[in-house]
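>>> task: produce atomic coordinates for the following.
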Amino acid sequence: MPAVEESYGVNKIVDNIGRLSPDLFTETRFQRDGVRLDDEALQNIIRFLLLTFRSATKSNLSGDDLVSRLEEGSGKWPKASLQVVQRLWTEQGALVHAQQEAQDMLSIGQLVDMQWKLGMAVSSDTCRSLNSPYVSLLLKIAEPSGQIRQRSFEMTVPQFQNFHKQFKEMAAVLETV
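Alright, predicted model coming up:
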């Protein structure tokens with residue numbers, strides 16, 4: 001299960017969740033119904049549940065599996081609160097999964113290495129314009145999943161000069177941040 005700040009601890013969060021009736025926990029109507037939790041406690045409950053649901057999404061857990069893991073993580077879970085988590089996961093798990101997939105598609109990798117070389121085509125069966133220089137680029141990108149991917153492509157010299165100019169402009173902007 002997700003790591004939560006050690007200073008606060010999972011058991012303290014579960015204790016706070018246990019202070020809520022199942023209806024309150026479902027509807028998140030804490031203050032209006034007289035249950036007082038400080039801002040830090042509320043933020044930790046929300047953070048814990050978000051991380052728990054994201055972790056369940058990545059592990060492709062069923063509602064029963066999620067409840068089992070939560071019980072293994074802390075023996076302080078009230079049965080009613082676990083039932084609420086299970087019901088929420090059953091009802092909303094597909095939505096969380098879809099959001100996670102969208103986020104994964106939108107996340108970008110980090111450029112790890114870039115190699116380039118200048119070449120000249122001297123013979124080809126399919127290309128008419130020979131004896132013109134080109135630049136071949138090899139990019140190594142660390143994906144958010146941790147996997148390293150390589151991408152290669154070729155450009156004409158003017159295209160590469162424009163690419164280089166844009167990289168310099170990006171570097172100048174990043175230095176001001």
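>>> what number of residues lie near residue 82?
Per other C-beta atoms under 10 Å, the neighbour tally for residue 82 reads 19. (C-beta placed from N, C-alpha, C; glycine too.)
>>> tell me what the helix or strand harbouring it is packed against?
Here residue 82 is covered by helix 79-106, with elements defined by DSSP states H and E. Helix 79-106 is packed against helix 10-18, helix 22-27, helix 39-59, helix 63-73, with contacts defined by 3 or more C-beta pairs under 8 Å, 6 or more residues apart in numbering; DSSP states H and E.
>>> residue 114: which of those helices is closest?
Nearest to residue 114, of all the helices and strands packed on helix 79-106, is helix 39-59, at 30.4 Å by C-beta to C-beta.
>>> the closest one versus helix 63-73: what angle between them?
Interaxial angle, helix 39-59 versus helix 63-73 (axes from the mean of the first three to the mean of the last three C-alpha atoms, to 10 degrees): 130 degrees.
>>> figure out how far helix 39-59 is from the centre of its chain.
Chain-centre distance of helix 39-59: 14 Å, with C-alpha atoms, centre = their mean, to the nearest Å.
>>> for it, packing partners?
Using 3+ C-beta pairs under 8 Å, 6+ apart, helix 39-59 sits against helix 10-18, helix 63-73, helix 79-106.
>>> what's the most buried one of these?
helix 10-18 (a mean of 18; mean count of other C-beta atoms under 10 Å).
>>> following the helix holding residue 82, which helix or strand comes up?
Using DSSP H and E, the helix or strand that follows helix 79-106 towards the C-terminus is strand 110-120.
>>> what's the average pLDDT for that following strand?
Average pLDDT, strand 110-120: 89.
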